[in-house]
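Participant: below is the sequence, then the predicted model.
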Amino acid sequence: MMFEEYDNWGHGNWGRWGADDERGTLNLLTPETVVAAARCVREGRVVSLAMPIRGATSSAAPTTVPHLRGRPLPQHFMSVDGGDYAAGARAVGAGLKMADDALVVTPHGTTTHMDALCHMWSGDELYNGHPAGRVRSYGAQRCGIDKAGPVVARGVLFDVARLRGVPHLAAHDRIGPDDLQGCLDATGVDLRPGDVAVIRTGWPLTWEEQGPDAYWSGQPGLDADGGRWLAGRDVSVVAADNAAIGGLNDRQLADEGPDDDLHLILLWRHGVHLAEMLWLEELAAARPADFLFVAAPLRIEGGTASPITPIAVL
């Protein structure tokens with residue numbers, strides 16, 4: 001059944017999976033749904049959909065990796081220490097060394113990540129009516145990213161840039177239901193409950209081809225009706241190669257009001273997790289009708305997001 005049957009008070013999927021639910025539409029990923037998704041594997045080819053994480057302390061990351069202006073970039077520290085191997089090294093007479101890593105990442109706007117249902121809310125309530133006061137500086141006690149678990153689902157690519165015949169959309173472009181249906185018509189696939197909708201705008205190409213200023217001039221993305229269209233078709237996750245699912249202006253902000261804000265429509269009202277800042281160029285070149293989508297957020301207790309490496313298995 002689609003969400004309209006549960007849409008009491010304009011709250012989409014609230015109560016659909018019980019008063020204690022903290023996973024939203026990920027509840028649609030039943031064993032049967034996962035088995036059906038696995039049937040999409042035809043070649044056995046594995047494609048990463050993640051941006052690289054390049055620590056700002058160890059590379060020229062500010063000029064080489066797309067990110068939102070003003071967001072703190074990942075910090076990657078390394079040490080070389082042979083201490084743990086000292087005894088063994090003496091025993092074999094070899095000078096063994098060990099390298100360790102420390103990584104500090106603020107996922108939102110800086111790397112490929114998944115938003116938790118506690119990331120955004122309205123008033124005093126999180127998704128499903130959980131109290132927003134449970135989100136504190138030490139973590140969210142409700143709807144954190146640790147409640148999501150691994151995502152194994154059928155992925156459907158909405159290559160809107162290809163549909164419109166351009167390498168990438170323009171910063172002011174918005175994606176509505178007609179675009180989404182047009183992508184399905186072009187590939188001949190249908191959208192099923194539990195699918196992951198993967199939306200390609202091509203926007204990361206502007207960073208590579210024109211530089212940061214072009215990337216920061218705004219961003220294309222879903223419009224409110226496009227978000228409602230996807231929620232109404234019971235997708236489990238909406239994933240995109242832009243930074244915020246919806247469009248952004250040149251101040252890196254959304255122009256929509258609360259009723260049309262994509263994060264409120266999808267995360268808060270309908271419990272649809274969001275995956276942002278994917279790299280979709282290799283996937284788009286393969287032009288799959290559908291594929292197996294796999295992503296596992298870190299079990300960060302109470303986290304508002306987690307870095308992920310989404311995988312498409314073709």
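Facilitator: Nice, I can see it. Note that this is a predicted model, so its numbers are computed, not measured.
Participant: touching, D146 and A296? I think so.
Facilitator: No - assessed by CB atoms under 8 Å, D146 is found out of contact with A296, at 11.6 Å. Glycine gets a C-beta too; all of them are placed from N, C-alpha and C.
Participant: excluding chain neighbours, what is closest to the residue positioned nearest the centre of the chain?
Facilitator: Nearest to the geometric centre of the chain sits A275, at 0.8 Å (CA atoms, centre = their mean). In space, and not counting its chain neighbours, A275 is closest to A239: 3.7 Å by CB to CB, 6 or more residues apart in numbering.
Participant: check the chain for its longest strand and report it.
Facilitator: strand 151-159 (DSSP state E).
Participant: in terms of secondary structure, what does it contact?
Facilitator: helix 31-38, helix 177-187, strand 196-200, strand 237-240, helix 281-286, strand 291-295 (3 or more CB pairs under 8 Å, 6 or more residues apart in numbering; DSSP states H and E).
Participant: and it, which strands flank it?
Facilitator: Sheet pairing for strand 151-159, assigned by DSSP bridges, gives strand 196-200 (parallel), strand 291-295 (antiparallel).
Participant: same for the helix or strand following it, what does it pack against?
Facilitator: Where DSSP states H and E defines the elements, the next helix or strand beyond strand 151-159 is helix 160-164. Contacting helix 160-164 under the criterion 3+ CB pairs under 8 Å, 6+ apart are the following elements: helix 177-187, strand 196-200.
Participant: quick check, pLDDT for the spatially closest residue to R154 that is not a sequence neighbour.
Facilitator: Distances taken as CB to CB, 6+ apart place A37 nearest to R154, at 3.9 Å, with adjacent residues excluded. pLDDT for A37: 98.
Participant: okay, A37 and L292: tell me how far apart.
Facilitator: 5 Å (CB to CB, to the nearest Å).
Participant: residues in contact with the spatially closest residue to A36 that is not a sequence neighbour?
Facilitator: Excluding its sequence neighbours, the residue lying closest to A36 (CB to CB, 6+ apart) is R154, at 6.8 Å. The contact partners of R154, by CB atoms under 8 Å, 6 or more residues apart in numbering, come to T33, A36, A37, C40, R192, G194, D195, V196, D290, F291, L292, F293.
Participant: walk me through the domains of this structure.
Facilitator: 3-54+106-313, 72-104 (automatic domain parsing).
Participant: same list (those domains) but as JSON lines, adding distance to P66.
Facilitator: JSON lines is the format used below for the domains of the chain (distance: least, CB to CB, whole Å):
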{"stretch": "domain 3-54+106-313", "distance to P66": "4"}
{"stretch": "domain 72-104", "distance to P66": "11"}
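Participant: just say which of these is most tucked in.
Facilitator: When you average the neighbours per residue for each of these (mean count of other CB atoms under 10 Å), domain 3-54+106-313 leads with a mean of 19.
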